[in-house]
Structure formats: C-alpha cells, structure tokens
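In: quick one, fold the following:
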Amino acid sequence: MKILVLHGPNLNLLGRREPEVYGRLTLQEIENALVALADELGVELLFLQSNHEGVLVDAIQSSSVTCAGILINPAAYTHTSVAIRDALSAVGLPVVEVHLSNIHARETFRHKSFIAPITLGQVCGFGVDSYLLGLRAIFSHIEKGL
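Out: Prediction:
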C-alpha cells in the first residue's frame with residue numbers, strides 16, 4: 001500500500017519558521033518519523049513538498065493510479081485553494097488533512113478549510129503527532145476497506 005504525503009507552501013522552512021507556532025522539527029525530521037511509523041504499518045510513503053499549487057494538483061491527479069490514499073498538510077492553501085480541493089475530490093482517494101498548529105485557535109482567516117469537507121477527517125494542533133495520527137487514521141480506514 002502506498003500513501004502520498006503532501007506538504008504545502010513554506011513547510012520547507014520548518015525548524016526555523018516561527019518555531020513557537022510550528023515547532024523546531026524540520027520537514028525531514030517529520031518525514032523520518034512518518035517513515036518509521038510507515039515501516040511499522042507496512043506502508044510505503046511518497047513525499048512531495050511544493051510551494052506551487054499546480055505542482056500539488058498534478059501530484060494529486062497522478063496519485064490516483066499509484067496510491068491508496070493521501071495525507072496532506074495543505075498549509076496556506078487550506079484556506080484558499082479550490083483547485084486542490086477539486087483535485088482531491090476528483091481522484092476519489094481517501095484523504096486526511098493535517099496541520100502542526102491548531103488552525104482553529106489562530107487568526108480567524110485560518111479557521112475555514114476548503115479541504116476538510118471532502119476528507120475523512122482533520123488532525124491539527126499536535127505538532128508532528130498530527131501527521132502520525134493522520135497516517136494511522138488513513139491506514140486504518142484503507143485496511144478496513146471502507
């Protein structure tokens with residue numbers, strides 16, 4: 001089983017970007033934690049980080065052939081991208097949305113997710129554990145054949 005893990009804009013700056021909000025782990029360290037969990041679960045992960053909406057849309061569209069699900073931190077695109085929402089909806093794969101920070105406890109404009117209504121669920125506010133909980137959730141959903 002393959003799961004696509006997508007990271008949106010500015011997540012390449014993790015570890016040095018607002019550590020009081022996003023923590024001190026780098027994106028590579030988050031991916032390493034995900035790989036360790038994926039090894040336990042017997043899952044293969046494909047990773048992509050992009051600051052470009054179209055690159056993320058292309059990856060989502062391509063995943064429908066090779067992946068069983070998508071774990072996504074759309075970052076700022078959470079609140080702005082109908083294109084990413086439409087691509088996720090179009091491929092018909094199970095999707096879990098994750099965020100390092102609690103987007104509902106931040107600025108008002110961050111409270112609305114265009115992505116959440118078409119996902120299995122959203123995990124936010126737990127730092128790297130948001131990703132790990134999200135991976136466990138999507139794995140469990142796929143394993144149950146739901």
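
In: which residues of this protein score low on pLDDT?
Out: Scanning the chain with the threshold set as pLDDT under 70 gives 109, 146.

In: how about the strands in the protein?
Out: 2-7, 44-49, 69-73, 95-99, 121-124 (DSSP state E).

In: ok, and what's touching the shortest one?
Out: Yep, that's strand 121-124 we're talking about. 96-104, 113, 115-116, 130-131, 133-134, 137 (C-beta atoms under 8 Å, 6 or more residues apart in numbering). Glycine gets a C-beta too; all of them are placed from N, C-alpha and C.

In: enumerate the positions of it that are buried.
Out: Gln122, Val123, Cys124 (16 or more other C-beta atoms under 10 Å).

In: what's the neighbour count on the residue lying closest to the last one once chain neighbours are set aside?
Out: Of all residues not flanking Cys124 in the chain, His99 sits nearest, at 3.8 Å (C-beta to C-beta, 6 or more residues apart in numbering). Neighbour count for His99, taken as other C-beta atoms under 10 Å: 26.

In: who's in contact with His99?
Out: Counting by C-beta under 8 Å, 6+ apart, His99 touches Asn73, Ala75, Thr78, Gln122, Val123, Cys124, Gly125, Ser130.
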